[in-house]
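Chemist: Here's a sequence, model it:
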Amino acid sequence: EEDVVSLQIGRLVYLSGVIFTARDAAHQRMWEAVCRNEELPFDPDGQVLYYVGPAPARPGSVIGPAGPTTASRMDPHTEFLLERGLRGMIGKGKRSPLVRQAMRKYKSVYFGAIEGTAALIARCVRSVDVFAYQDLGAEAMRRLSVQEFPVIVVNDIHGGDLYEAGMQKYRRGAPPKRRDT
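Modeler: Got it, this is the predicted structure:
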């Protein structure tokens with residue numbers, strides 16, 4: 001939580017450690033599990049969730065190209081994960097006003113992964129474990145061990161929105177500051 005509080009929009013962050021993946025179908029299943037009072041396949045408390053459905057890995061690779069998917073598709077099923085302590089989400093595109101409000105309330109941040117760099121992002125993944133909803137194929141939930149995974153803070157807990165604020169100060173030559181977490 002301390003790390004999340006200090007993050008502000010526009011900050012470049014390199015994530016190292018474990019992150020989890022889930023897309024539309026996995027979110028729907030998790031929501032249905034919560035509605036039936038069942039356990040989630042992972043404990044979201046303190047975790048980061050990456051919205052990705054990676055391509056198959058080529059021989060010798062840990063994972064295939066792993067670019068972000070559009071985050072707004074997860075918006076209907078986001079708040080219940082935030083309520084359970086999810087601290088970060090990674091995707092592309094804007095989030096709804098309701099999700100941004102919930103992020104402030106539950107102290108969570110939304111990171112943007114750099115679009116068009118799916119192969120580069122895949123090089124940051126050290127290991128992959130498919131641990132839930134294997135029948136969903138590319139949309140199965142995975143546990144990724146990542147190193148120096150580059151993301152930028154799009155929405156912070158202070159109400160900042162990079163899309164709304166624009167990149168004005170960066171266009172004037174001030175590069176984003178690096179922050180390792």
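Chemist: which non-adjacent residue is nearest Pro56?
Modeler: Spatial nearest neighbour of Pro56, chain neighbours left out: Gly64 (4.9 Å); criterion: C-beta to C-beta, 6 or more residues apart in numbering. In this view, the C-beta of every residue, glycine as well, is placed from N, C-alpha and C.
Chemist: measure that neighbour to Ala119 for me?
Modeler: Counting by C-beta to C-beta, to the nearest Å, the separation of Gly64 from Ala119 is 9 Å.
Chemist: Next, give phi and psi for Arg87.
Modeler: Dihedral pair for Arg87: phi -100, psi -20, per degrees, to the nearest 10.
Chemist: How about Asp161?
Modeler: Dihedral pair for Asp161: phi -140, psi 110, per degrees, to the nearest 10.
Chemist: pretty sure it contacts Gly93?
Modeler: No: in this structure, Asp161 is not within contact of Gly93 by C-beta atoms under 8 Å, at 11.9 Å.
Chemist: Quick one: name whatever helix or strand follows the lengthiest helix in the chain.
Modeler: In the chain, with assignment by DSSP state H, the single longest helix is helix 24-35. Per DSSP states H and E, the first helix or strand lying C-terminal to helix 24-35 is strand 48-50.
Chemist: What strands line up against that following strand, and which way round?
Modeler: Sheet pairing here is set by DSSP bridges, and for strand 48-50 it gives strand 12-21 (parallel), strand 88-91 (parallel).
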